[in-house]
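*Asks:* pasting a predicted model and its sequence here:
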Amino acid sequence: MPRIVFVNKMDRTGADFNRVFHEVKEKLGASAIRILIPIGAEDQLIGQIDVVNQKAVYFSDDDTLGSTYTVKDLAGDLIDIAREAYDELMHAVADVDDAIADKFVHEQVISPTDLKQGIRRATIANKLIPVTGGSAYKNKGIQYLLDAVLDYLPSPLDIPPAIGMDPDHEESKIEIITSDHEKFVALAFKLWADKYVGKLVFFRVYSGAIQKGDTVYNPRTRRSERVGRLIQIQANEHKDIDACYAGDIAAMVGLKNVTTGDTLSAEKHDVVLEPPTFPEPVISMAVEPKTKQDQEKLALALKRLSEEDPTFMVRTDEETGQTIISGMGELHLEIIVDRLRREFKVSANTGAPQIAYRETITRAADGEGKLVKQSGGRGQYGHVILSIKPNEKGKGLTIENKVVGGAIPKEYINAVCKGITESMTNGIIAGYPVIDVHVEILDGSYHDVDSNENAFTMAAIFAMKDGFKKAKSVLLEPIMAVEVSTPDDYQGDVMGDLSRRRGQIQNTESKGNLSIVHANVPLKEMFGYSTAVRTLSSGRASYAMTPSHFEQVPSNIVEEIVSDHFW
């Protein structure tokens, strides 16, 4: 994708434009060229050098926000800096653009207009990346940055047509021509709940035009909806407009059944654009309302926030019953919680999610359970003898009936199996589900009058608990397969941090200047890792995490988990 680099915060202490420029070239491997060089830095940021036009742009002294500026001829040291940057720029463009190279070789005059056109062609072709500098907060250097966007980045006419597909025949490709006169096709790329106008659907028009009051068709839902209003949004300004054309970005009001990534098209024009892809959430936390009155408000607020933000997910953990929110980092989730309080007036408590631990047995054992109750009238009687042993990993619970001679009547075997299954939901260490156990029903006894299904179910539960105590139950924790991509410089720090988190390094591999570290790490130790790995790598490492398997918890950590569970 064609791009321009803007080196921001040049008014901050320690700002160094040239250092960042060289890092862009060396660390990111970009073919960078300077087109707007800041004059001064920190509290002496007074302007910028326009390399293409060889001019100096000075921000007005009496305007702290840099909204006004004057253009002057270069003077003093700025002449040498601008000339050096111009020579670099000219050689870089001539190396990748034939039209500029031809004029350069034949020593013809290359006007600023010619050079801009060459930079534009090279930028659109991804051969060069222009670099500018300034201070967004103080609006210094922003005017010329916006001019550079117009001068060098592609318009919708400079890029190939988008390719859509027929929703009924995915192999059938449809070319979306960028023209106001074609059928309307747009992509809804963001939803926003505005407190004044309601649900806003931000969209980008790929083809055709749309006017307020028109009806748009959604191929996903197979429904048509009327567009109530069209709004052009610039920062916090909302401006009603009558129409949008190919290449425009705007927001519409009035659509209900729309989600992020939906295609909107003219009626009877079945075409689906490729929706944007979003990374998987990397961090989760548990959230709960502070009061019962906030319970319903919290659910509605989280639903609306998840509709707006595709990288924010909400789910209910079936095992712990907690509401779990997931996002791209701790800051992301902090902002979500802050929005709950500010926009939706919902106060919520947050914390680390409970870990879904498991229990299993390590050796074979017999278990016996008997229920005998007699309190006048018909009693309760059930008696079960069974043996348990560890099962293969991943096999779960298997039951084998070895009762002979009718010690337990056939009609009660299902009740015994039910009791065995129920007992697997609560282990004896910390009450977590038990996995991978093979059970053999061996013997038992019954009473002609007092025996019933419930009695045998309870007897089977007692027998299983008896067996668990003898079979040396252990606690298991979920282990995650973690893959960290980091620049070579930070590989040692990343691997050391994973080891401190009880991680086991599996292997490492190299891809260019990147090291890929594969490790197995307990889920318990991965909370907050996204922030930690960015801190270790100056924000340049990333990671992916997927569930791998369960492993026994070290004995020194079992006590901590048990005490937390029963607190």
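*Replies:* Nice, thanks for sending it over. What you see is a predicted model; the values in this text were computed from it and never measured.
*Asks:* residue 541 and residue 488 touch, don't they?
*Replies:* No. Counting by Cβ atoms under 8 Å, residue 541 sits too far from residue 488 to count as a contact (11.0 Å). (Glycine included, C-beta is placed from N, CA and C.)
*Asks:* what bits of this structure have low per-residue confidence?
*Replies:* 61-66, 280, 282, 318-320, 329, 353-354, 375-377, 564-567 (pLDDT under 70).
*Asks:* got a list of contacts for the longest helix seen in it?
*Replies:* Ranked by residue count, the top helix of the chain under DSSP state H comes out as helix 77-96. Residues outside helix 77-96 that contact it (Cβ atoms under 8 Å, 6 or more residues apart in numbering): 31, 33-35, 37, 39, 49, 51-52, 54, 56, 74, 100-101, 104-105, 110, 115, 118-119, 122, 125, 127-128.
*Asks:* equivalent analysis for stretch 338-351, please.
*Replies:* Contacts for stretch 338-351 (Cβ under 8 Å, 6+ apart): 195, 285-291, 294, 297-298, 300-302, 304-305, 333, 337.
*Asks:* would you show me how to pick out the buried ones of these in PyMOL?
*Replies:* With 16 or more other Cβ atoms under 10 Å as the criterion, this PyMOL line picks the buried residues out of these:
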select buried, resi 285+286+287+289+294+297+298+301+302+304+305+333+337
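*Asks:* ok, residue 490 to residue 365 distance?
*Replies:* 49 Å (Cβ to Cβ, to the nearest Å).
*Asks:* restricted to helices, list the contacts of stretch 338-351.
*Replies:* Per DSSP H, the contacts of stretch 338-351 map to helices at 294, 297-298, 300-302, 304-305, 333, 337.
*Asks:* can you count the residues close to residue 394?
*Replies:* Around residue 394 there are 9 other residues, counting by other Cβ atoms under 10 Å.
*Asks:* go on, residue 207?
*Replies:* Count around residue 207 with other Cβ under 10 Å applied: 28.
*Asks:* isn't it up against residue 177?
*Replies:* Yes. With contacts counted by Cβ under 8 Å, residue 207 reaches residue 177, the gap being 5.9 Å.
*Asks:* neighbour-wise, which of residue 541 and residue 488 wins?
*Replies:* Using other Cβ under 10 Å, the more surrounded residue of residue 541 and residue 488 is residue 541, with 23 against 11.
*Asks:* give me phi/psi at the more buried one?
*Replies:* phi -100, psi 150 (degrees, to the nearest 10).
*Asks:* residue 453 too?
*Replies:* Main-chain dihedrals, residue 453, degrees, to the nearest 10: phi -60, psi -40.
*Asks:* returning to what we had before: in helices, which of the contacts of helix 77-96 fall?
*Replies:* Per DSSP H, the contacts of helix 77-96 map to helices at 100-101, 104-105, 115, 118-119, 122.
*Asks:* biggest separation within the residues you listed, which pair?
*Replies:* Within those, 105 and 119 form the most distant pair, 18.2 Å apart (Cβ to Cβ).
*Asks:* more neighbours, these two?
*Replies:* In this view residue 105 and residue 119 are compared by other Cβ under 10 Å, and residue 119 has more residues nearby, 24 against 9.
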